[in-house]
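**Student:** sequence and computational prediction follow.
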Amino acid sequence: MVEEVSNKQVIFKGYINGYPKESDMILKTSTIKLKVPEGCSDAVLVKNLYLSCDPYMRSRMTKTDHNYVPIFTPAQPMSGEGVGKVVDSSHPDFRKGDLVAGITEWEEYSLIKSTAFIRKIDEQAGVPLSYHLGILGMPGLTAYVGFYEISSPKEGETVFVSAASGAVGQLVGQFAKLSGCYVVGSAGTKHKVDLLKTKFGFDDAFNYKEEADLDAALKRHFRGGIDIYFDNVGGKMLDAVLPNMNFNGRIATCGMISQYNLTEAEGVTNLFYIMAKQIRMQGFLCYYYRHLYPKLFDLVVPLLKQGNIAYVEDVAQGLETAPAALLGLFSGRNVGKQLVRLASV
């Protein structure tokens, strides 16, 4: 007799435009059998321990034919990055009790029908499980790829990071300092600005909400111009950065969080400078760089053990808090990587 248990879920209600609300996500309780069904040869059943809240999830709530990730399906559980413990498996590389990270659904138990999008966690690394959704997960890989692979930093260069206290930005700034760069970040509260300068070691930081003139703020912090801009926000900040870039500057386009909840996107008026200053601006999706996870681990795990890199998490407790935790990303309520903890190991 296969055990059947209750399974709380966060269900996506339906497609939206503009700012999302908690009511766009519905809490529901169903049941699930704790056994991989017959005929599933590449599947694992996991008990979800942590779920990740990420800005890109907002784009999955709007029906579009050109999204870079699959949109959510109405009346079905939402999905995203998670850490879980294997309850049952039909794949020889994954056994009961293994800890895994990767794509799962927003529920207590998930049947993952393909192991292509999960990876086994090395428990010998000796780091918190939640870090596999942050500094050793998608945000860490995003920071690594965007800074080292896309931006090609050189010692002594100047680096600007927007949304710098977030899951990705806090790492980019520290990578920049490790590379011998001068780094400035922007954030939306005094507390976050203080964190950038004290905990994360940025050379300087400013609160963009207190700046009436972003161009003047950038000129104040970068008297010699910007060599590398790690862009998490797009919009007005990107427009202000372009005239302040140096010749042959690089812009790694990671996110456009300022645009996600707009019904009509803001225009960027300073694109002329991309040509005039020979700026290289490149967007990227870390999904296509998953082969670099070993390099990320080789760099970051020793730094963590030596205490030479810091990471801040914001952890909500319980699946029922997940909708509010996700929405908090768009008002700047979180400090650091936003997670939802469902259960202990």
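**Tutor:** Nice, I can see it. Residues are numbered from 1 along each chain as shown.

**Student:** can you pull the contacts of Glu22?
**Tutor:** 323-324, 327 (C-beta atoms under 8 Å, 6 or more residues apart in numbering). Bear in mind the C-beta positions are built from the backbone N, C-alpha and C, glycine included.

**Student:** and those, which of them are buried?
**Tutor:** Among the contacts of Glu22, those buried by neighbour count (16 or more other C-beta atoms under 10 Å) are 323, 327.

**Student:** just send the contacts of Glu22 back as a markdown table, with distance to Leu271, secondary structure and pLDDT too.
**Tutor:** A markdown table is the format used below for the contacts of Glu22 (distance: C-beta to C-beta, whole Å; DSSP: H, G, I helix; E, B strand; the rest coil; pLDDT from 0 to 100):
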| residue | distance to Leu271 | secondary structure | pLDDT |
| --- | --- | --- | --- |
| Pro323 | 37 | helix | 97 |
| Ala324 | 37 | helix | 97 |
| Leu327 | 32 | helix | 95 |
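
**Student:** and which of the contacts of Glu22 is nearest to Glu149?
**Tutor:** Of all these, Leu327 has the smallest distance to Glu149: 31.6 Å, by C-beta to C-beta.

**Student:** any idea how far that closest one lies from Leu339?
**Tutor:** 15 Å (C-beta to C-beta, to the nearest Å).

**Student:** can you check Tyr68 too?
**Tutor:** When Tyr68 is compared with Leu339 (using C-beta to C-beta), they lie 23 Å apart.

**Student:** quick one: which of the two has more around it?
**Tutor:** For Tyr68 and Leu339, the more surrounded residue by other C-beta atoms under 10 Å is Leu339, and the numbers stand at 25 against 10.

**Student:** what's the neighbour count on Lys8?
**Tutor:** Neighbour count for Lys8, taken as other C-beta under 10 Å: 16.

**Student:** again, but for Ser130
**Tutor:** What Ser130 shows, counting by other C-beta under 10 Å, is a neighbour count of 21.

**Student:** that one against Leu99, yeah?
**Tutor:** No: if you go by C-beta atoms under 8 Å, Ser130 and Leu99 don't touch, sitting 11.6 Å apart.

**Student:** low-scoring stretches of the protein, by residue?
**Tutor:** Along the chain, the model assigns pLDDT under 70 to residues 260, 262.

**Student:** where is the longest helix in it?
**Tutor:** helix 293-306 (DSSP state H).

**Student:** after that one, which helix or strand is next?
**Tutor:** The element immediately downstream of helix 293-306 (helix or strand, assigned by DSSP states H and E) is strand 313-317.

**Student:** how much space between Arg95 and Leu303?
**Tutor:** For Arg95, the distance to Leu303 equals 30 Å [C-beta to C-beta].

**Student:** more crowded one of the two?
**Tutor:** Regarding Arg95 and Leu303, a neighbour count based on other C-beta under 10 Å identifies Leu303 as having more, with 16 against 12.

**Student:** which residues are in contact with the residue lying closest to that one once chain neighbours are set aside?
**Tutor:** Closest residue in space to Leu303, ignoring its immediate chain neighbours: Ile309 at 4.0 Å, by C-beta to C-beta, 6 or more residues apart in numbering. Taking C-beta under 8 Å, 6+ apart, we find Ile309 in contact with 135, 171, 174, 178, 300, 303.

**Student:** which one of those residues is nearest Asp231?
**Tutor:** Here the nearest of these to Asp231, counting by C-beta to C-beta, is Leu171; it sits at 14.9 Å.

**Student:** starting at the chain centroid, how far to the one helix or strand the closest one maps to?
**Tutor:** Using DSSP H and E, the secondary-structure element containing Leu171 is helix 169-178. For helix 169-178, the distance between its averaged C-alpha position and the chain's averaged C-alpha position is 15 Å (C-alpha atoms, centre = their mean, to the nearest Å).

**Student:** if you count neighbours, what's buried in that helix?
**Tutor:** By neighbour count, with 16+ other C-beta under 10 Å as the criterion, the buried positions of helix 169-178 are 169-177.

**Student:** just give me the longest strand of the chain.
**Tutor:** Among all segments of the chain classified by DSSP state E, the strand with the greatest residue count is strand 79-89.

**Student:** next secondary structure after that strand?
**Tutor:** Moving toward the C-terminus from strand 79-89, the next element (DSSP H and E) is strand 99-105.

**Student:** the domain parsing of the protein - what is it?
**Tutor:** If you go by automatic domain parsing, the domain ranges for the chain are 4-134+311-341, 138-287.

**Student:** for the strand or helix carrying Asn248, list the C-alpha coordinates in CSV.
**Tutor:** Taking DSSP H and E as the definition, Asn248 sits inside strand 245-253. Coordinates of the C-alpha atoms in strand 245-253 are reproduced here as CSV (Å, rounded to 0.1, in the frame of the first residue of the first chain):
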residue,chain,number,x,y,z
MET,A,245,30.3,54.8,-19.4
ASN,A,246,33.9,54.8,-20.4
PHE,A,247,35.2,54.1,-23.9
ASN,A,248,35.0,50.3,-24.5
GLY,A,249,32.9,49.9,-21.4
ARG,A,250,30.8,46.7,-20.8
ILE,A,251,27.2,46.3,-19.6
ALA,A,252,26.0,42.9,-18.5
THR,A,253,22.2,43.0,-18.6
